[in-house]
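Undergrad: Sequence first, then the predicted structure:
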Amino acid sequence: GGALWRYDPVVRQVFRRKGIKEIMKIIMAYLENFSGLSGGLEKILCEFSNEMEQRGHEVSIVTYDERTGKPFYLLKEDIHIFNIRQYAYDNLGIRNHDRSMFFKIQRESIRILGKNIYRQWKADYKSRFISDILNEYIQTISPDIVISYNQSTTYELDKIGVKCPIISMFHNDPDILLQKMTKKEKRAIQNSEVIQVLTEDFKIKLQKYFLNSNIVCIPNVIIPSSNTADLSKEKKQYKIIDVARINKEQKRQHLLIEAFAKLAKNNPQWILEFWGDTGNANYMNQLRNRVSYHDLENRIFFKGTTKDIQSVYLNADLFCFPSKYEGFGLSLGEALSAGLPAIAFKSCSAVKDLINNGLNGILVDDGIDHLADALQELMLSREKRIKMGYHAHLSMEKYEPHNIWDRWNHLVINIFNEFKNRGQET
C-alpha cells in the first residue's frame, strides 16, 4: 500500500518530465558470513531485499561467506547472491592455499597475539583477493546504488572506488562499533553518500564523529503481529523468554539465569526459555553449569533457533532482554508487537526507544537484584502483565513495514538522483 504513488500515472509523468529515475539497480553488500545465520541483521537483509525487489527494483546481494547454503530467512528466488569467497575458491585456487599446513600454522600463530591483531590480519587476508573480484562484480552489475551492511564492507567498497553512491548502515550502537573500527574504515564511512542509523540518539552520537556527513535515522521494520499472547489465561505453567544468540559480552544470558534463580523456589509455576543460536560452545557450557549449580535443569531450557518464532512469542507470558547494548533490539520489538510485556536494563542503548517504562514494560538499573525485582513484580501480577501487554502491541505500530520501507524507497531514489544531478553539473 505504501508504494502506491509509484503506480500513479500522474506522478510517473512528473518523474519522467523531471528526468527522475525511480527504478534502481541495488546491490546489498555484506562481506561476511550470511547463509544459515539467524540474527537480526540477516533478517533485515532478506526482508529489505525482498521489499525492494517487490517494488520493482533490481536487487542482488554480494557476500564473503565461509559457508555454502541458503539464507536462514526467506529470500525471493530471483534475488541472486554472489559469494566472493566461493568464487575465489572455485576459480583462483585459494582453497588449496587455505588448507596448506603453512597457512594453518601462520593463522594459529597470529591468533595467539590477541583478538585485535588477529581480526586485523584476517581482514587484510580477506582484502587481498576481495578487491579484484568485488571490482569486477560491481562493474558487471553496474549498480545505481550500493547499500553496505557494516564498516569493513564500506571500507572494501571505498578502496576500489565505487562510482555510484554508497549508503553505510550502522546496525549497532556507534560507540561500540567505532571502538573496533580502523582509521581506514572511519575514512570510508566518512566518504559514504549517506550514513543510516537506527535511533535518533545514535544520530546525535555519530554527528560528533562525522561532522559533515549526511546521517539519517530509519529504524528497523517490525512486522505487526496479527495475534497477541493470551495473558489472561489460567495456566499450570507460565513462561519467561529471551530471544537472542548466546553471547556473553552483549546478550548476557547469565544475568537472567541468576535473577530467575533467586525467584524460582517461590514461583514453582514459572519456567525460563532461551531461544537463539547456541553456537558459542564455551559460553553455553558456562550457562549450563550455572543452571546445574542452581539445580534448575527442569526449569531453564536452551531451545536453539526456530523458523516459527511467532509461536514462541504467542505462547510466552513475559519477555526479558538482559543485553548490555543493542542497535535496535529486533526480537524485543517483535515480542512487544506480540503483546508481551518486556523487562530490560535502562543502560542498554536502543531499548529505551522500544520500552516506555511502566507502560509496555519495565526498565531497570544495572544489577541482578534489580532485574529479579522487576521479574518478581510482573510474575506476581497477571493484571500488570495484561495491561502492559496491551500497550506493548499498540506501541509497535510506528515500525510497521509500509512506514519504514517507504522511507527507504524515498531515500534510495532521492540519493541516486541527487548524485546523478551533481555529476551532470560538474
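TA: Yes, it's here.
Undergrad: Could you check how far the nearest residue to F202 once chain neighbours are set aside is from T63?
TA: For F202, ignoring the flanking residues on the chain, the nearest one in space by C-beta to C-beta, 6 or more residues apart in numbering is P174 at 5.4 Å. Glycine gets a C-beta too; all of them are placed from N, C-alpha and C. According to C-beta to C-beta, to the nearest Å, P174 and T63 sit 24 Å apart.
Undergrad: Who has more neighbours out of these two?
TA: P174 (27 against 24; other C-beta atoms under 10 Å).
Undergrad: Look up how far N285 lies from the more buried one.
TA: 33 Å.
Undergrad: what about the helices in the stretch 1-150 of the chain?
TA: 9-18, 40-54, 84-92, 94-99, 101-112, 115-141 (DSSP state H, counting those that start in this stretch).
Undergrad: All the strands of the stretch 251-400 of the chain, in order from the start?
TA: Listed in chain order, the strands of the stretch 251-400 of the chain (DSSP state E, counting those that start in this stretch) span residues 270-275, 300-304, 318-321, 342-345, 361-364.
Undergrad: Show me what the last one packs onto, helices and strands only.
TA: Just to be clear, that refers to strand 361-364. Judged by 3 or more C-beta pairs under 8 Å, 6 or more residues apart in numbering; DSSP states H and E, strand 361-364 is in contact with strand 342-345, helix 368-380.
Undergrad: so what's D366 up against?
TA: D366 makes contact with F345, S347, according to C-beta atoms under 8 Å, 6 or more residues apart in numbering.
Undergrad: Next up, the contacts around the closest residue to E47 other than its chain neighbours.
TA: Excluding the flanking residues, the one nearest E47 by C-beta to C-beta, 6+ apart is V221, at 6.3 Å. Listed by C-beta under 8 Å, 6+ apart, the contact partners of V221 are I44, E47, Y399, E400, P401, I404, W405.
Undergrad: Can you tell me the SS state at R187?
TA: Secondary structure assignment for R187 (DSSP: H, G, I helix; E, B strand; the rest coil): helix.
Undergrad: Burial check on it, number of neighbours?
TA: 13.
Undergrad: thought R187 was touching K159?
TA: No. Counting by C-beta atoms under 8 Å, R187 stays clear of K159, with 10.2 Å between them.
Undergrad: Quick check: K115 vs K122, distance?
TA: K115 is 10 Å from K122, by C-beta to C-beta.
Undergrad: Ramachandran angles for M24?
TA: phi -110, psi 150 (degrees, to the nearest 10).
Undergrad: before we move on, which element is the residue nearest to L41 when sequence neighbours are not counted in?
TA: Sequence neighbours aside, H171 is the residue nearest to L41 in space, at 5.1 Å (criterion: C-beta to C-beta, 6+ apart). Counting by DSSP states H and E, no helix or strand carries H171.
Undergrad: show me the contacts for H171.
TA: Counted by C-beta under 8 Å, 6+ apart, H171 has contacts G40, L41, I44, Y149, N150, L198, G327, F328.
Undergrad: Just the closest of those residues to P268, please.
TA: The closest of the contacts of H171 to P268 turns out to be G40 (C-beta to C-beta; 33.8 Å).
Undergrad: isn't that closest one right next to L330, touching?
TA: Yes. The criterion here is C-beta under 8 Å, and G40 meets it with L330 at 3.9 Å.
Undergrad: Touching both of those two, which residues are there?
TA: With C-beta under 8 Å, 6+ apart as the test, G40 and L330 both reach N220.
Undergrad: picking that back up, what's the closest of the strands of the stretch 251-400 of the chain to Q86?
TA: That would be strand 300-304 among those, by C-beta to C-beta, at 26.5 Å.
Undergrad: What strands flank the closest one, and is each parallel or antiparallel?
TA: Applying DSSP bridges, strand 300-304 is found paired with strand 270-275 (parallel).
Undergrad: Let me see the contact set for the residue nearest to N247 when sequence neighbours are not counted.
TA: Distance criterion C-beta to C-beta, 6+ apart; nearest residue to N247, sequence neighbours excluded, is N280 at 6.1 Å. N280 makes contact with R245, I246, N247, K248 under the criterion C-beta under 8 Å, 6+ apart.
Undergrad: could I get those as CSV with secondary structure and distance to F260?
TA: Formatted as CSV, these follow (DSSP: H, G, I helix; E, B strand; the rest coil; distance: C-beta to C-beta, whole Å):
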residue, secondary structure, distance to F260
R245, coil, 19
I246, coil, 16
N247, coil, 18
K248, coil, 17
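Undergrad: from the residues you listed, which single one is nearest T182?
TA: Using C-beta to C-beta, the contacts of N280 come closest to T182 at N247, 23.0 Å.
Undergrad: I'd assumed N282 was in contact with that closest one.
TA: No. Using C-beta under 8 Å, N247 is not in contact with N282; the gap is 11.0 Å.
Undergrad: So for those two, which sits in the more crowded spot?
TA: More crowded of N247 and N282, by other C-beta under 10 Å: N247, with 16 against 8.
Undergrad: helix/strand/coil for H402?
TA: helix.
Undergrad: got the CA coordinates for stretch 387-399 in PDB?
TA: Presented in PDB, the C-alpha positions along stretch 387-399 are these (Å, rounded to 0.1, in the frame of the first residue of the first chain):
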ATOM      1  CA  LYS A 387      -2.200  -4.100  30.900                       C
ATOM      2  CA  MET A 388       1.400  -3.700  29.800                       C
ATOM      3  CA  GLY A 389       0.900  -6.400  27.100                       C
ATOM      4  CA  TYR A 390      -2.000  -4.400  25.600                       C
ATOM      5  CA  HIS A 391       0.200  -1.300  25.400                       C
ATOM      6  CA  ALA A 392       3.100  -3.300  24.100                       C
ATOM      7  CA  HIS A 393       1.200  -4.400  21.000                       C
ATOM      8  CA  LEU A 394       0.000  -0.800  20.200                       C
ATOM      9  CA  SER A 395       3.400   0.800  20.800                       C
ATOM     10  CA  MET A 396       5.000  -1.100  17.800                       C
ATOM     11  CA  GLU A 397       2.600   0.300  15.200                       C
ATOM     12  CA  LYS A 398       5.000   3.000  14.200                       C
ATOM     13  CA  TYR A 399       7.500   0.400  13.000                       C
END
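Undergrad: List the contacts of that stretch.
TA: 219-222, 224-225, 228-229, 231, 333, 335-342, 354, 356, 359-361, 378.
Undergrad: Among those residues, name the buried ones.
TA: Buried subset of the contacts of stretch 387-399 (neighbour count, 16 or more other C-beta atoms under 10 Å): 219-222, 225, 228-229, 231, 333, 335-342, 354, 360-361, 378.
Undergrad: quick one: the host helix or strand of D406 to helix 40-54, angle?
TA: In this structure, D406 is located in helix 401-425 according to DSSP H and E. With axes from the mean of the first three to the mean of the last three C-alpha atoms, to 10 degrees as the basis, helix 401-425 and helix 40-54 are set at 70 degrees to each other.
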